[in-house]
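S.K.: here you go, sequence then predicted model.
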Amino acid sequence: MSDFVGAVDQGTTSTRFMIFDHGGNEIARHQLEHEQILPRAGWVEHNPTEIWERTRAVIETALNTANLTHSDLAALGITNQRETTVVWDRRTGRPYYNAIVWQDTRTDRIASALDRDGHGDVIRRKAGLPPATYFSGGKIQWILENVDGVREAAEAGDALFGTTDSWLLWNLTGGVDGGVHVTDVTNASRTMLMDLETLDWDDELLSLFGIPRAMLPEIRPSSDPRGYGVTRADGPLGGEVPLTAALGDQQAATVGQVCFSPGQAKNTYGTGNFLLLNTGTELVRSSNGLLTTVCYQFGDEPAVYALEGSIAVTGSAVQWLRDQLGIISGAAQSEYLARQAEDNGGVYFVPAFSGLFAPYWRSDARGAIVGLSRFNNNAHIARATLESICYQTRDVVEAMREDSGVALDVLKVDGGVTANELCMQIQADVLGVPVSRPVVAETTALGAAYAAGLAVGFWKSTEELGKNWNEDRRWTPTWDGEQRERGYAGWKKAVQRTLDWVDVS
């Protein structure tokens, strides 16, 4: 068997390709950003063709850098930004419209109408999700209703929908020349269109959005020994490699953090934050604003479920400091600047740029910086930005405890923001529990590699994967209980100031 497994990690701001050995060690990587297209307030788009071109480039560069070829890879997995919606022409391979990104809020009236018309409970019961702009169903409906010719093409079976995993799988396996149109259960569970119990598209849910079944991909296990297909010989890998795994990015990070037992949780810090708690094969319905979602499915084994707290804006709030305010020149500088302030100086920043996700689900909310006085400076704004990441996480942890009865004794963390050591210390202080970062912080790509390798026997079991996990750094709380609760009370007051800002009725 070949010595390595590859993983495409197609994220919100960039695409990377990583190669891992049997010990889960990184052998090579390459990463490229893609354009964030912002046509108007609340709209966020990507160019699917650019994403495919970036995917080709990162695969080719990483292989060349490591002096490897396709024959060195036992399998390939894909992980991806989940709810981002692509609709393309199966005959030409061209997208009908830009990808509508998970952060996009143009479908707020579609989501509000579903609840107003009494359909929200059906979606919650079957799909485990609240009607929200976050998920794919409303985005597909918007494209069908607003882009000329798409509905007719969809009904004829010529317009295909997919999240970015499906788009890349289709292109990697041949595109217009026989590309496979598939997705996995984790990505399908983010559309508002899949029944969590049957793990299949649901006709009643499809009818609520007016979506033809013919445009949807086949739903497959996250790790599939049958494989989804093989890469085409004239593609970026230069030969045939089995494509055996696909997972949404947060589920992939859960696998990468080897959270295979019920009660284990991880938090990924990226563009947004995503806290997942493994609930095993039991469907746990949330009554506190969390999502019930598929965690993973390996081969013919039963699906494993999770409770998820999804937070729209965390790492991207730091990007906002850089790109829109210009008070830092790079993400790393946010830590240096925030350290210039001993505390937040009474300032709270609620980055509700796309409304508020879990546990509030308020599309009418918008961002606010509150508590300002002339005493405050840019260091306080930077500190409040890092604290906003941590307080939003506490909101989710509190909801998760209410739903599951599980109180965290440690929080496993991963993702780019975990490189910010001040932010991780604040996280431990805000939660009152230790925060643990693994040696391989990019667990999203690692999880996709693990799932792909399991499918072909590169790794024999999840127990074997557990032996690969090693802690790199642990932060322990330094705040006392009074300071912790006083800070959280201020945060809750700040959240209230963001509500009822946009009319979505």
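M.R.: Happy to help now that I have it. The model shown is predicted, which means the values in this text are computed figures rather than measured ones.
S.K.: strands of the stretch 201-350 of the chain, residue ranges please.
M.R.: 218-220, 229-230, 242-248, 265-269, 273-280, 291-296, 304-311, 348-350 (DSSP state E, counting those that start in this stretch).
S.K.: next: the stretch 51-200 of the chain.
M.R.: Remark: strands assigned in the stretch 51-200 of the chain by DSSP E, counting those that start in this stretch are 73-80, 86-89, 99-100, 159-162, 182-184, 194-195, 200-201.
S.K.: out of those strands, nearest to Ala127?
M.R.: Of all the strands of the stretch 51-200 of the chain, strand 194-195 sits nearest to Ala127, with 6.2 Å by CB to CB. C-beta: built from backbone N, CA, C; applies to glycine.
S.K.: follow-up on the earlier one: winner for burial among the strands of the stretch 51-200 of the chain?
M.R.: strand 73-80 (a mean of 29; mean count of other CB atoms under 10 Å).
S.K.: any idea of the angle that one forms with strand 242-248?
M.R.: If you take axes from the mean of the first three to the mean of the last three CA atoms, to 10 degrees, strand 73-80 sits at 20 degrees to strand 242-248.
S.K.: mind checking how far stretch 443-462 is from the chain centre?
M.R.: 19 Å (CA atoms, centre = their mean, to the nearest Å).
S.K.: any buried residues in it, and which?
M.R.: Within stretch 443-462, the residues scored as buried using 16 or more other CB atoms under 10 Å are 443-456, 458-459.
S.K.: quick one on the thing from earlier: and the strands of the stretch 51-200 of the chain as CSV, adding distance to Gln496?
M.R.: What follows is those, written out as CSV (distance: least, CB to CB, whole Å):
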stretch, distance to Gln496
strand 73-80, 35
strand 86-89, 37
strand 99-100, 30
strand 159-162, 38
strand 182-184, 38
strand 194-195, 34
strand 200-201, 39
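S.K.: need these in TSV with mean pLDDT, can you?
M.R.: As requested, the strands of the stretch 51-200 of the chain are arranged in TSV below (pLDDT from 0 to 100):
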stretch	mean pLDDT
strand 73-80	96
strand 86-89	98
strand 99-100	98
strand 159-162	98
strand 182-184	97
strand 194-195	97
strand 200-201	98
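S.K.: out of those, the one nearest Thr293 is which?
M.R.: Among the strands of the stretch 51-200 of the chain, strand 194-195 sits nearest to Thr293 (CB to CB), with 10.1 Å.
S.K.: which one of the buried residues of stretch 443-462 is nearest to Tyr296?
M.R.: Closest approach between the buried residues of stretch 443-462 and Tyr296, by CB to CB: Ala451, at 7.0 Å.
S.K.: if I look at the closest one, what pLDDT would I see?
M.R.: pLDDT for Ala451: 97.
S.K.: quick one: residues contacting it.
M.R.: Gly77, Ser222, Ser223, Thr244, Ala245, Ala246, Leu247, Ala252, Val255, Tyr296, Phe298 (CB atoms under 8 Å, 6 or more residues apart in numbering).
S.K.: tell me where the longest helix sits in this structure.
M.R.: helix 378-404 (DSSP state H).
S.K.: quick check: next helix or strand after that one?
M.R.: Sequence order places strand 411-414 as the next helix or strand after helix 378-404, per DSSP states H and E.
S.K.: pLDDT of that next one, averaged?
M.R.: Mean per-residue pLDDT for strand 411-414: 91.
S.K.: and stretch 33-41, by the same measure?
M.R.: The predicted model assigns stretch 33-41 a mean pLDDT of 93.
S.K.: endpoint to endpoint, it covers what distance?
M.R.: End-to-end distance for stretch 33-41, by CA to CA, to the nearest Å: 22 Å.
S.K.: what comes up buried for that stretch?
M.R.: Quick answer for stretch 33-41 (16+ other CB under 10 Å): His34, Gln36.
S.K.: what's the answer for stretch 19-29, then?
M.R.: For stretch 19-29, using 16+ other CB under 10 Å, the buried residues are Ile19, Phe20, Gly24, Ile27, Ala28, Arg29.
S.K.: residues contacting that stretch, please?
M.R.: Against stretch 19-29 from outside (CB under 8 Å, 6+ apart): 3-7, 16-18, 62-63, 65-66, 68, 73, 440, 442, 445-446, 449-450, 458-459, 465, 468-469.
S.K.: just stretch 193-212 next, same as before
M.R.: By CB under 8 Å, 6+ apart, the list of residues contacting stretch 193-212 from outside reads 110, 114, 119, 122-123, 126-128, 136-138, 140-141, 144-145, 151, 154-155, 161, 185, 188-189, 192, 213, 216, 219, 283, 292-294, 297, 303, 305.
S.K.: for Thr105, see how far away Leu325 is.
M.R.: Leu325 is 21 Å from Thr105, where distance means CB to CB, to the nearest Å.
S.K.: helix, strand, or coil at the residue lying farthest from the centre of the chain?
M.R.: Seen from the C-alpha centroid of the chain, the residue lying at the greatest distance (CA atoms, centre = their mean) is Arg374, 38.0 Å away. Following DSSP: H, G, I helix; E, B strand; the rest coil, Arg374 is assigned to coil.
S.K.: Leu325 and Thr105 - which one has more neighbours?
M.R.: Neighbour count, other CB atoms under 10 Å: between Leu325 and Thr105, Thr105 has more, with 21 against 12.
S.K.: that one touches Asp364, doesn't it?
M.R.: No: counting by CB atoms under 8 Å, Thr105 stays clear of Asp364, with 10.0 Å between them.
S.K.: any shared contact partners between those two?
M.R.: Joint contacts of Thr105 and Asp364 (CB under 8 Å, 6+ apart) are Gly355.
S.K.: residues in contact with the closest residue to Gly371 other than its chain neighbours?
M.R.: What sits nearest to Gly371 in space, not counting adjacent residues and going by CB to CB, 6 or more residues apart in numbering, is Gly346, at 4.4 Å. Going by CB under 8 Å, 6+ apart, Gly346 touches Gly371, Ser373, Asn376, Gly490.
S.K.: now which of those would you call buried?
M.R.: Looks like the contacts of Gly346 have Gly371, Asn376, Gly490 buried, using 16+ other CB under 10 Å.
S.K.: now pLDDT and distance to Ala358 too, for the residues you listed, in CSV please.
M.R.: Shown next, in CSV, are those (pLDDT from 0 to 100; distance: CB to CB, whole Å):
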residue, pLDDT, distance to Ala358
Gly371, 96, 24
Asn376, 94, 29
Gly490, 97, 20
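S.K.: so which of those comes closest to Glu398?
M.R.: Gly490 (15.5 Å).
S.K.: surely that closest one meets Val347?
M.R.: No: in this structure, Gly490 is not within contact of Val347 by CB under 8 Å, at 9.5 Å.
S.K.: shared neighbours, those two?
M.R.: Gly371.
S.K.: phi and psi next, for His34.
M.R.: The phi and psi values for His34, taken as degrees, to the nearest 10, are phi -130, psi 170.
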